[in-house]
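Asks: Have a look at this fold, sequence not included:
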Ligand code: GAL
């Protein structure tokens, strides 16, 4: 028999002692729907016909400026910040955090009182909501005024990350945050033309993410804001707008220094929208869809629609829902498969009600992870009517699937056990910085998918909503995470400063925004928080956060990632799922903790929320190679402090980490574990352990440019066991090593392999139990070729040959895609490889490569994946790193045609790739299925 979602939720509810049905409705208590005639809202009556809801992308037409008007910075502070006396840069993440800073309130005027009310919708207790002060703050804000002349400011298009332009801070303690200055105030201004016919409508600014401490000003008034840079938020602009003319929007951001352990980016780095609705409308993230019963024959689909009445008179409204099948691109396909019609609901002026209903879908097309399942989706379209007139239409994509958390096996999706083969990723997109780009994120997921990954942990913050759309569409299982710190800090000015005031709003906001995504299976309320060290006090906070998660979503469990808390400490008792960072495998002399947690919590699923933290630099092999596995990086043993590179033999890890293969063994020896999220899929900007003088991490399975390190194939050999593959390392171009021992290691999905050097067998080896690589540690280097032939069950399975390269002679280029959308957002990632005269890859080439672009496209960034490179990401020319360079080319909006990308280098034969940029912009791969009507203002 299949497991049902309902069953899982009921089990969860019974474990937690919460009432299943009550919790979803709790945020918006339902009001009985009655069929009473009510007067029409005067503001709506007689208006010209509008699209019932307009969702307008506001990404064009911005002016940008770094800094405040002379002498004004202190006037715009959200709150007083403590003085930073001790830099936390380079401190290991699992060190004991210090007590949270106590902020002295010296009577400095701050804007907090005007910003806190923006989060009211996410504070459950009405008594704790914030009243806006009667008067505007007594600050002079010239940059917010309509009359201010911003023509000298820079014109920018969103998403925009101003910090990625650098320059890199090559000295000083800035490695943790990526050696790029992300801090300091910045302003964005934009005109809003609001038609006279918008009078009486609601106009909201919807920001998918702004880094950080946003304050939003309209026509000189402070309308509200949101401090946490990773959450999406809505500001009601209506009270400040003057319809029938041009209005002035200004957004000030103020990212603090020393506020993150990685590169946070800076600016309006995600999409910004203007949403216009009638006074009676679906509230923010107001539709919730659940699937309480799922069988092959039918699925019960339950929905709740939160209706807000922002008008001045009570209203009566009905909700019709239609369920549609979505195609692979997220477009509605065909006719509705089910329809429902509610009775009339009364919504008092200024109030909100829940209208709820349910329907049945026959033979549901289930959502599930490939390769064994398909990520099929539906959309629920809710139409709100007043007196038969459509006042709102709202589309919500969702999926029908069951997820069961089985403590003896792990995750069971639609009845099938799915081992978590996951990766952690931070939000930056390498050379593009934090500015979100759908194609760049999709490429990252494609690279992970080809390795066999099926799961993502959003470390350690809510992602861009479009990343979750991609995960839905591609079928990744997601752990969505909200915080990296609670009350206790990790860096001097991180989230702990606002945790007391904002944790409820930020957690509820993330879950309300994200809870319809079928990809999400688990909420995480925090990562390695300092409260692991504070016994019962810390557990009390954990309990509060988990309770909030259950209130917002009764269908998914909640967890928190623990690198320190042990099975006998209070914190693990507060979470539904045990998520261990590193301590599952064991941290150096500390034995693996899976069995201890299993004994203490036999009813809870246990997983590795962070595994490995293995370190390497792509293509950098260091000698001698120790016979060990999983050693900490030390000078001359895994690491070279002079070059700041870590050996690519994939034997080394962070002090608290383990090599990939050691982490595999710990999972296989504890087969009840649900699987792992590797730290990390991609290298990311910041946290360059062990060399904090560098700019980006060493922990990625692929480098910052997206080029796989050798480790990629170790994961592939395990995660895609059916794919015939074999990978051999190192490269074979070692003219200075003639006659010297040069170990050869092999990763294969087979069970055995034979190695040949210039045709001479070095012996055949079989994988030992709990061993995942084959190693020939005493091979003597000679020029020529190494060949490896892998076997499975005694039959040949795969083979690979690596040859000694001659001098670099030519460039070869390949684009990841050659047909692009002419939408000004689509990207081609062009990999340039340096080869010798015969076309053999030159694995140590560091020649400089220059890109030029002709036609309707532009080069937006370059990279080589070298963690130590301080060359600008925007430079059209850069040195190759171990034979590879990347150029990222963007199409021009509205200009189709042929784009030629040329690569050249001194003394090298150049090359070119041709791209086709196509109009109109309906290409596979661009996702745009956010609710509502989308147009460009
Ligand atoms: C973990 C932490 C991550 C990252 C990682 C570094 O302890 O949760 O955010 O710091 O270590 O390898």
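Replies: Happy to help now that I have it. Nothing here was measured: the structure is a model prediction, and the numbers come from that model. Residues are numbered from 1 along each chain as shown.
Asks: use CA for all of it now, contacts and neighbours both
Replies: OK.
Asks: Let me know the average pLDDT across stretch 838-847.
Replies: The pLDDT scores in stretch 838-847 average 98.
Asks: Same check on stretch 144-159?
Replies: 98.
Asks: May I see the buried residues of it?
Replies: By 16 or more other C-alpha atoms under 10 Å, the buried positions in stretch 144-159 come out as 144, 145, 146, 150, 155, 156, 158, 159.
Asks: got a list of what the residue of the stretch 601-750 of the chain found nearest the ligand touches?
Replies: Residue nearest to the ligand within the stretch 601-750 of the chain: residue 613 (5.0 Å; C-alpha to the nearest ligand atom). Contacts for residue 613 were tallied using C-alpha atoms under 8 Å, 6 or more residues apart in numbering; they are 653, 654, 656, 657, 658, 659, 678, 679, 680, 699.
Asks: Including distance to residue 595 and secondary structure, could the buried residues of stretch 144-159 go into JSON lines?
Replies: Shown next, in JSON lines, are the buried residues of stretch 144-159 (distance: C-alpha to C-alpha, whole Å; DSSP: H, G, I helix; E, B strand; the rest coil):
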{"residue": "144", "distance to residue 595": "58", "secondary structure": "helix"}
{"residue": "145", "distance to residue 595": "62", "secondary structure": "coil"}
{"residue": "146", "distance to residue 595": "64", "secondary structure": "coil"}
{"residue": "150", "distance to residue 595": "62", "secondary structure": "coil"}
{"residue": "155", "distance to residue 595": "57", "secondary structure": "strand"}
{"residue": "156", "distance to residue 595": "54", "secondary structure": "strand"}
{"residue": "158", "distance to residue 595": "49", "secondary structure": "coil"}
{"residue": "159", "distance to residue 595": "46", "secondary structure": "coil"}
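Asks: Now narrow these to whatever sits close to the ligand.
Replies: Of the residues in these, proximity to the ligand by C-alpha under 6 Å from any ligand atom holds for none.
Asks: Kindly indicate which of these lies nearest the ligand.
Replies: residue 159 (24.6 Å).
Asks: In this structure the closest one contacts residue 59, no?
Replies: Yes. Applying C-alpha atoms under 8 Å as the test, residue 159 and residue 59 come out as touching, 6.8 Å apart.
Asks: what is in contact with these two at once?
Replies: Joint contacts of residue 159 and residue 59 (C-alpha under 8 Å, 6+ apart) are residue 271.
Asks: Any idea how many residues pack against the nearest residue to residue 233 once chain neighbours are set aside?
Replies: For residue 233, ignoring the flanking residues on the chain, the nearest one in space by C-alpha to C-alpha, 6 or more residues apart in numbering is residue 207 at 5.4 Å. Neighbour count for residue 207, taken as other C-alpha atoms under 10 Å: 21.
Asks: For residue 207, list each beta-bridge partner.
Replies: For residue 207, the beta-bridge partners are residue 233, residue 272 (DSSP bridges).
Asks: Check the one 10 residues further on too.
Replies: When bridges are taken as DSSP bridges, the partners of residue 217 come out as residue 222, residue 250.
Asks: Need the three-state assignment for the closest residue to the ligand within the stretch 251-400 of the chain.
Replies: With C-alpha to the nearest ligand atom as the measure, residue 261 is the residue of the stretch 251-400 of the chain nearest to the ligand, at 6.9 Å. Per DSSP: H, G, I helix; E, B strand; the rest coil, the local secondary structure of residue 261 is coil.
Asks: go on, residue 411?
Replies: Applying three-state DSSP: residue 411 is strand.
Asks: What pLDDT is listed against it?
Replies: According to the model, residue 411 carries a pLDDT of 98.
Asks: For it, the count of nearby residues, please.
Replies: 25.
Asks: Low-confidence regions, the stretch 101-250 of the chain specifically.
Replies: 102-108 (pLDDT under 70).
Asks: just the strands in it please.
Replies: 154-156, 184-194, 202-207, 214-218, 221-226, 233-236, 245-255 (DSSP state E, counting those that start in this stretch).
Asks: tell me how far the first one is from the chain's mean position?
Replies: What it means is strand 154-156. On the basis of C-alpha atoms, centre = their mean, to the nearest Å, strand 154-156 sits 26 Å off its chain's mean C-alpha point.
Asks: Tell me which other helices or strands it touches.
Replies: strand 62-66 (3 or more C-alpha pairs under 8 Å, 6 or more residues apart in numbering; DSSP states H and E).
Asks: quick one: the strand it packs on to strand 245-255, angle?
Replies: For strand 62-66 against strand 245-255, the angle by axes from the mean of the first three to the mean of the last three C-alpha atoms, to 10 degrees is 30 degrees.
Asks: From the chain's centroid, how far away is strand 62-66?
Replies: Relative to where its chain is centred, strand 62-66 has its mean C-alpha point 26 Å off (C-alpha atoms, centre = their mean).
Asks: Make residue 1 into 85 and carry on from there
Replies: OK, 85 is where the count begins now, so the last one is strand 146-150.
Asks: Pull the contacting residues for the residue nearest to residue 317.
Replies: 316, 317, 318, 354, 355, 356, 357 are the contacts of residue 291 under C-alpha under 8 Å, 6+ apart.
Asks: nearest residue to the first one other than its sequence neighbours?
Replies: When you say that, I think you mean residue 316. Closest to residue 316 by C-alpha to C-alpha, 6+ apart is residue 292, at 4.2 Å.
Asks: number of nearby residues for the one you found?
Replies: Neighbours of residue 292 (other C-alpha under 10 Å): 22.
Asks: quick one: it from the ligand, how far?
Replies: 23 Å (C-alpha to the nearest ligand atom, to the nearest Å).
Asks: My guess is that residue contacts residue 546. True?
Replies: No. Applying C-alpha under 8 Å as the test, residue 292 and residue 546 come out as separate, 10.2 Å apart.
Asks: Now do the shared contacts for those two.
Replies: residue 315.
Asks: Bridged to the closest residue to residue 501 other than its chain neighbours, which residues?
Replies: Nearest non-adjacent residue to residue 501, counting by C-alpha to C-alpha, 6+ apart: residue 495, 5.9 Å away. When assigned by DSSP bridges, residue 495 has beta-bridge partners residue 489.
Asks: list the buried ones in stretch 139-147?
Replies: Quick answer for stretch 139-147 (16+ other C-alpha under 10 Å): 139, 140, 141, 142, 143, 146, 147.
Asks: Stretch 530-545 too?
Replies: 531-533, 535-545.
Asks: Same check on stretch 636-654?
Replies: 636-651, 654.
Asks: Now go through those and say which are in helices.
Replies: Among the buried residues of stretch 636-654, the residues falling in helices (DSSP state H) are residue 636.
Asks: among the buried residues of stretch 636-654, which are in reach of the ligand?
Replies: Within the buried residues of stretch 636-654, nothing lies near the ligand by C-alpha under 6 Å from any ligand atom.
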